[in-house]
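A.B. asks: no sequence on this one, just coordinates:
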């Protein structure tokens, strides 16, 4: 399992979110390889051998990352 911050590639969103990546054995087979933004619902391709779960970043962390990590 891996956890990291991702930024939505949708130019109308671009918000950061938490992305968890698992072995496909733990995920829903129809969702394998899909990464979905928890804010706008946009999706993109990920590794087909992985399952992904995305969660919104708490507002105070989102503000902090925009200030210090952009």
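C.D. replies: Structure's in. What do you need? All figures in this text were calculated on a predicted structure; none of them were measured in a lab.
A.B. asks: poorly predicted segments of the chain, please.
C.D. replies: Applying pLDDT under 70 to the chain flags the ranges 24-31, 64-70.
A.B. asks: how about the contacts made by residue 33?
C.D. replies: 45, 46, 47, 48, 49, 50, 52 (CB atoms under 8 Å, 6 or more residues apart in numbering). For the C-beta atoms, the positions are set from N, CA and C on the backbone; glycine is no exception.
A.B. asks: just name the closest of those to residue 37, please.
C.D. replies: Of all the contacts of residue 33, residue 52 has the smallest distance to residue 37: 11.1 Å, by CB to CB.
A.B. asks: can you count the residues close to that closest one?
C.D. replies: Using other CB atoms under 10 Å, residue 52 has 21 neighbouring residues.
A.B. asks: what bridges to it?
C.D. replies: For residue 52, the beta-bridge partners under DSSP bridges are residue 21.
A.B. asks: relative to residue 63, how far out is it?
C.D. replies: Separation of residue 52 from residue 63 (CB to CB, to the nearest Å): 24 Å.
A.B. asks: ok, residue 45 next?
C.D. replies: Distance, residue 45 to residue 63, by CB to CB: 29 Å.
A.B. asks: could you do residue 57 as well?
C.D. replies: For residue 57, the distance to residue 63 - CB to CB - is 9 Å.
A.B. asks: the two - which one has more neighbours?
C.D. replies: Taking neighbours as other CB under 10 Å, residue 57 and residue 63 compare with residue 57 leading, 20 against 11.
A.B. asks: pretty sure that one is touching residue 19, no?
C.D. replies: No. Taking contacts as CB atoms under 8 Å, residue 57 lies outside contact range of residue 19: 10.2 Å.
A.B. asks: overlap of the contact sets of these two?
C.D. replies: Here residue 57 and residue 19 have residue 5 as joint contacts, going by CB under 8 Å, 6+ apart.
A.B. asks: top of the contacts of residue 33 by neighbour count?
C.D. replies: The residue in the contacts of residue 33 with the most neighbours, by other CB under 10 Å, is residue 52 (21 neighbours).
A.B. asks: I'd guessed that residue sits against residue 37; true?
C.D. replies: No. If you go by CB under 8 Å, residue 52 and residue 37 don't touch, sitting 11.1 Å apart.
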